[in-house]
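>>> Based on what follows, work out the 3D shape:
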Amino acid sequence: MKKTVLAGVGVGGVAFALSDLVNTEMSPVEETVSRFVNTGAGWLVTVGLLAMALAGAALTVAAARAGAGRAGTWLLGLWSAGVLVAAIFPADPPGQWDDPSVSETVHGLSAWVAFLAFMIAAVLLTRGLPRDALLTGVTVAVVAGMILFVVTLVDVMIARSLPPVVGVTERVAMAANLLWMALAAVRLPRRRR
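Have a look, this model is predicted:
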């Protein structure tokens, strides 16, 4: 399972980075990753989301086999399912916050659930593993990234009082999540405790 997690994390990270590089018609600073699905190479976003969902599912299985905490393991599975649904239902093009399509609504709700579930899972599972300063630091980055993303996303949807940096904050949150999955896959014990 560790190789599957690492492969999914790697493919996801590369797909998202390539999407930002080749899709120059949108700003990775101002637009979320999922909006890039509406560009010429939007398929890279779908590939990245599917790879991230696969990595999360493999990590869920590995956590269950290792006897990790039940709540954290279930939340990790919810993350995987939410990312998969977000991959299946694409986001709308930028600027349609006020009149979302059904696909956008499903995408957005599943992404919110997934991000929240992941943050809580990371905290719970990190607490259940042997002390590891690096994993603890990345868990703090997961929580901080999620808080920043929520603040900037709510601002761009409602207040529009901050500079439009929701793309950056989402990418920070996603990078922290991917790094946490890779580290957790390496740190999880192989057998049930």
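>>> Need the residue closest to the centroid of this structure.
For the chain, Met174 is the residue whose C-alpha lies nearest the centre (CA atoms, centre = their mean; 4.4 Å).
>>> contacting residues around that residue?
Residues near Met174 by CB atoms under 8 Å, 6 or more residues apart in numbering: Phe16, Val33, Met52, Gly145. (Glycine included, C-beta is placed from N, CA and C.)
>>> Look at the second one and say how many residues are nearby.
In this case it means Val33. The number of residues packed near Val33 is 23, by other CB atoms under 10 Å.
>>> Could you do the last one as well?
Using other CB under 10 Å, Gly145 has 23 neighbouring residues.
>>> correct me, but it touches Val172?
Yes: the criterion here is CB atoms under 8 Å, and Gly145 meets it with Val172 at 4.7 Å.
>>> still on that earlier bit, show me which of the contacts of Met174 is closest to Trp180.
Gly145 (9.9 Å; CB to CB).
>>> what residue ranges in the chain are flagged as low confidence?
97, 190-193 (pLDDT under 70).
>>> all helices for it, in order.
2-22, 43-65, 70-88, 102-128, 133-154, 166-187 (DSSP state H).
>>> and Gly95, which of those helices is closest to it?
helix 102-128 (11.7 Å).
>>> For the closest one, which residues meet the burial criterion?
104, 106-108, 110-111, 113-126, 128 (16 or more other CB atoms under 10 Å).
>>> Okay, Arg65 and Leu18: tell me how far apart.
33 Å (CB to CB, to the nearest Å).
>>> what sits against the nearest residue to Gly77 once chain neighbours are set aside?
Spatially, and ignoring its direct neighbours in sequence, Gly77 is nearest to Thr60 (4.3 Å; CB to CB, 6 or more residues apart in numbering). Shown in contact with Thr60 (CB under 8 Å, 6+ apart): Thr73, Leu76, Gly77, Ser80.
>>> can you rerun that using 10 Å?
By CB atoms under 10 Å, 6 or more residues apart in numbering, Thr60 lies in contact with 1, 5, 68, 72-81, 121.
>>> From the residues you listed, pick the one nearest Thr152.
Taking the contacts of Thr60 together and measuring to Thr152 by CB to CB, the closest member is Trp79, at 20.6 Å.
>>> Now do the contacts for the residue lying closest to that closest one once chain neighbours are set aside.
Nearest non-adjacent residue to Trp79, counting by CB to CB, 6+ apart: Phe118, 4.1 Å away. Counting by CB under 10 Å, 6+ apart, Phe118 touches 56, 75-76, 78-80, 82-83, 142, 146, 173-174, 176-177, 180-181.
>>> Tell me the one of those residues nearest Thr46?
Taking the contacts of Phe118 together and measuring to Thr46 by CB to CB, the closest member is Val83, at 11.2 Å.
>>> Could you report the neighbour count for the closest residue to Val113 other than its chain neighbours?
Here the nearest residue to Val113 in space, its sequence neighbours aside, is Gly82; by CB to CB, 6+ apart that works out to 4.8 Å. For Gly82, the neighbour count with other CB under 10 Å is 23.
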